[in-house]
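Need coordinates for the following:
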Amino acid sequence: MNGIRAAARKGFFDWFCDQGPDIACFQELKAHVHQIPDAARPAGYHRFYHFARRPGYSGVALYSRNEPDRIHAGLCGLDGDRWSDMDAEGRYVQADFGTLSVISVYFPSGSSAPERQAVKYSFLDRFLPWLEKIGSSGREIIICGDVNIAHRKIDLKNWRGNQKNSGFLPPERAWMDRMLGETGYVDVFRHLYPDREQYTWWSNRGRARERNVGWRIDYQIATPKVASIATTAEVYTNQWFSDHAPLTFSYDINL
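The predicted model follows:
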């Protein structure tokens, strides 16, 4: 969302309360707990955060009407200490409801420097075995995330001009192939709408929004059983709260 404070000032939580979702996942909060505005504390929701150590950077959240059975903020407690670098950046919250786990995750971006692209690849290398592990545990999984990767040509407007840019590099796209192939996870939006050209992020430069020159880098990725009961997916673009647009899904499921 590129900043929960900025989104709140632009009216995001008025829209949020009108929607009344059962669960909401947020990435890129750019705030610590004492900086969360009152508008971002809607009544009737349990709120869980994983903040970055660095002020004004990263951070994820998960809001839920029903209280989860368990919350995991960060990956270190789930999978040893090999995630300490990513946990310092506030990138993972998992809520467990019975046999269903809902995850809010913010993948690193590699666009700012080669060093950050290396960090992104390191995250991907570790995250795929983790997805395989939890996917084979018997739990149903819904991953809600800013993945910072456009998977296929249909997922960004200017694919020809971005083949050497972070977010559409061949190794990144190959990683998506593996995640949605070997591990059995499902890109729920593409499951519902195989041929729809739909974006979730637009640059603030070059009139990209006005021209709809965007990228689909925000996903819900699910285990096959829960993906099969997804009924609709929508990207809300009537108002602009961020450089990302809200992405909403409906599932035929009771928590």
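
hey, where'd the helices end up in the stretch 51-200 of the chain?
With helices called from DSSP state H, counting those that start in this stretch, the stretch 51-200 of the chain shows them at 84-87, 114-135, 170-179, 188-192.

Residues in contact with the longest one: which ones?
For helix 114-135, contacts defined as Cβ atoms under 8 Å, 6 or more residues apart in numbering pick out 75, 78-79, 82-83, 85-86, 101, 107-111, 141, 143, 148, 166, 169, 171-172, 175, 178-179, 182-185, 223. Backbone N, C-alpha and C define where each C-beta goes, glycine included.

List the buried residues of it.
Neighbour counts using 16 or more other Cβ atoms under 10 Å place 117, 119-121, 123-124, 127, 131-132, 134-135 of helix 114-135 among the buried residues.

for it, what is the average pLDDT?
Helix 114-135 carries an average pLDDT of 95.

got the helices of the stretch 51-200 of the chain as a markdown table, with distance to Ala24 columns?
Shown next, in a markdown table, are these (distance: least, Cβ to Cβ, whole Å):
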| stretch | distance to Ala24 |
| --- | --- |
| helix 84-87 | 22 |
| helix 114-135 | 21 |
| helix 170-179 | 23 |
| helix 188-192 | 16 |
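
ranges for the strands of the stretch 151-255 of the chain?
186-187, 201-202, 214-215, 218-222, 230-235, 247-251 (DSSP state E, counting those that start in this stretch).

what sits against Pro21?
Contacts of Pro21 (Cβ under 8 Å, 6+ apart): 63, 248.

For the residue positioned nearest the centre of the chain, which non-adjacent residue is spatially closest?
Among the residues of the chain, the one closest to the centroid is Gly145, at 1.1 Å (Cα atoms, centre = their mean). Once flanking residues are discounted, Gly145 sits nearest to Val105: 4.1 Å by Cβ to Cβ, 6 or more residues apart in numbering.

For beta bridges, what are the partners of that neighbour?
Per DSSP bridges, the residues bridged to Val105 are Tyr92, Gly145.

Need the pLDDT of it.
In this model, Val105 is scored at 98, pLDDT.

can you tell me how far it sits from Pro194?
To Pro194, Val105 is 24 Å away according to Cβ to Cβ, to the nearest Å.

Of the helices of the stretch 51-200 of the chain, which is nearest Thr200?
For the helices of the stretch 51-200 of the chain, the distance to Thr200 is smallest for helix 188-192, at 9.1 Å, taking Cβ to Cβ.

Give me the pLDDT value at Glu182.
Note for Glu182: predicted pLDDT of 86.

err, Asp79, not the other one
In this prediction, Asp79 carries a pLDDT score of 73.

same question, the one 3 residues further on
In this prediction, Arg82 carries a pLDDT score of 78.

my read is Phe16 is in a helix, agree?
Yes - under DSSP: H, G, I helix; E, B strand; the rest coil, Phe16 falls within a helix.

can you offset everything so residue one is 20?
Shifting the count to begin at 20 puts that one at Phe35.

In this structure it contacts Pro61, no?
Yes - taking contacts as Cβ atoms under 8 Å, Phe35 lies within contact range of Pro61: 6.6 Å.

Please identify which of these two sits among more neighbours.
Between Phe35 and Pro61, counted using other Cβ atoms under 10 Å, Phe35 has the larger neighbour count: 21 against 15.

where's the more buried one relative to Ala26, distance?
Here Phe35 is placed at a distance of 9 Å from Ala26 (Cβ to Cβ).

That'll do, ta.
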